[in-house]
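[1] Attaching a predicted model along with its sequence, questions to come.
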Amino acid sequence: MVFFKKGFGLLLIAITFCLLKFSAPTFVESFYSTNVFLSIRHFYNQLNHFFHFPISYIFLVISIAYLLFLIYRFFKKGKTKTAIFLNISNFLGILFFVFYLVWGYNYNRPTLESKLLSPLDQEIQIQEIKKEIAIIAQKAIELRRSIIDDSLPFSVLTTDKEVGKMVKLSLSESLPKFNKLISNIPIRSLPDGLLMNCGIVGQYFPFTGESNFDVGMHDIRKPVVIAHELFHAMGHCLESDCDFLAYHYMKSSNSVYIRYSAEMEYLKYLLNDLRQRDTLDFKQNLPKLIPLALKMDFDAIRENRLKYEGFFSVLGDGVNNLFLKFQGVQEGVKSYDKLVPMVYKWKIVSQKEILENLIFKPK
């Protein structure tokens, strides 16, 4: 009985693994994702309404303090190794259980990629990629010119708080059924470098229901990254799904700035795809592929990212890779590279499907 009381954290881990193993994806979506989770999401929205700073700080301070307290008891109070192991596993088991209860089971729902129904039978040809790059580059340069002159570095006269409001408004207009849900999701701007030094620009914190982004990120990326984190907050765990949803809805925003952010993000993936296939051809033809002003913006984004690269960014990338694989995402961080094929799939599916039906209903 004593072991049961001290070891219930291990029991919670076992229960969680069993639920993950034996829950069918369609059941997870119909029961958990569109019912249980959305109720939890509304609760988090109400809770965060009373705070004007990241409550994840409070959660982390309490968690770290409790772990230090357990270690202190181990060294100062003469506790046995078995006792300290059970106490720590108790605490970590509770965190593990809560993580899945409040968000993590969404990893087991059907992926948006699987719902697009029309898999590509063959790899997208290089000429098709180049054609798409030309189309998107033309859209992007027209959007940029309506904001700022080609010769000037990109800049916007708006605060990070206003960017968050603009993104939520754009998303609410596209998904009016979820207007109240989206408008109340907390978006927290974290101090310069707090996330980027760890190799990431945004993050969803399931324990407090907050979507976070690093203020040090380049302005061009902020709208689409915030949208990405908002879709995490709405119950979409996979990075590829959130990339696609962020691009799909932000490219239709009423804000020119947000549309430019979306098209530049997609263009980045297209260019990376082309570079991976034929590096020499990419280098030789890059000046022909995109206007100089867009190249200037890409260079500025790259220089911004390089400021934060170091040991912790490499470590953070490795941890993120392991985390994704643990959640069943076999590609790990490479799952971020699916935007191009997903957009191509959607062009086929969109003739017979409504995206909202694929997002919020089981396959």
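    Looks like it arrived, so ask away.

[2] ok, so what distance separates A293 from P153?
    Using CB to CB, to the nearest Å, A293 is found at 10 Å from P153. Using the backbone N, CA and C atoms, a C-beta is placed for each residue, glycine as well.

[3] same thing with S174?
    Distance from S174 to P153, by CB to CB: 30 Å.

[4] With neighbour numbers in mind, choose between these two.
    S174 (18 against 10; other CB atoms under 10 Å).

[5] so who does that one touch?
    Listed by CB atoms under 8 Å, 6 or more residues apart in numbering, the contact set of S174 reads Y249, S252.

[6] and it, what are its phi and psi?
    For S174, the backbone dihedrals are phi -80, psi -30 (criterion: degrees, to the nearest 10).

[7] Relative to F75, how far out is it?
    Distance, S174 to F75, using CB to CB: 55 Å.

[8] same check, this time on G193
    According to CB to CB, G193 stands 34 Å off from F75.

[9] Pick out whichever of the two has more residues nearby.
    Taking neighbours as other CB under 10 Å, G193 and F75 compare with G193 leading, 15 against 9.

[10] Is the more buried one located within a helix, as I assumed?
    No: counting by DSSP: H, G, I helix; E, B strand; the rest coil, G193 is not part of a helix but coil.

[11] Offset the numbering so it begins at 513, please.
    That works, and once the first residue is 513, the last one we named lands at G705.

[12] Just list the residues touching it, thanks.
    The contact partners of G705, by CB under 8 Å, 6+ apart, come to D726, G728, Y820.

[13] between those residues, which has the most around it?
    Among the contacts of G705, D726 has the most neighbours (other CB under 10 Å), with 24 neighbours.

[14] Identify the bridge partners of that one.
    Applying DSSP bridges to D726 gives these bridge partners: L702.

[15] Let me see the contact set for it.
    S701, L702, P703, D704, G705, L706, L707, M708, I712, V713, G714.

[16] between the residues you listed, which is nearest E644?
    V713 (24.4 Å; CB to CB).

[17] What helix or strand is Q650 located in?
    Element membership for Q650, per DSSP states H and E: helix 638-657.

[18] now the contacts of D726 in JSON lines, with pLDDT and distance to L550?
    As requested, these are arranged in JSON lines below (pLDDT from 0 to 100; distance: CB to CB, whole Å):
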{"residue": "S701", "pLDDT": "93", "distance to L550": "25"}
{"residue": "L702", "pLDDT": "93", "distance to L550": "26"}
{"residue": "P703", "pLDDT": "93", "distance to L550": "31"}
{"residue": "D704", "pLDDT": "94", "distance to L550": "33"}
{"residue": "G705", "pLDDT": "92", "distance to L550": "34"}
{"residue": "L706", "pLDDT": "91", "distance to L550": "29"}
{"residue": "L707", "pLDDT": "91", "distance to L550": "27"}
{"residue": "M708", "pLDDT": "92", "distance to L550": "31"}
{"residue": "I712", "pLDDT": "90", "distance to L550": "26"}
{"residue": "V713", "pLDDT": "93", "distance to L550": "27"}
{"residue": "G714", "pLDDT": "94", "distance to L550": "22"}
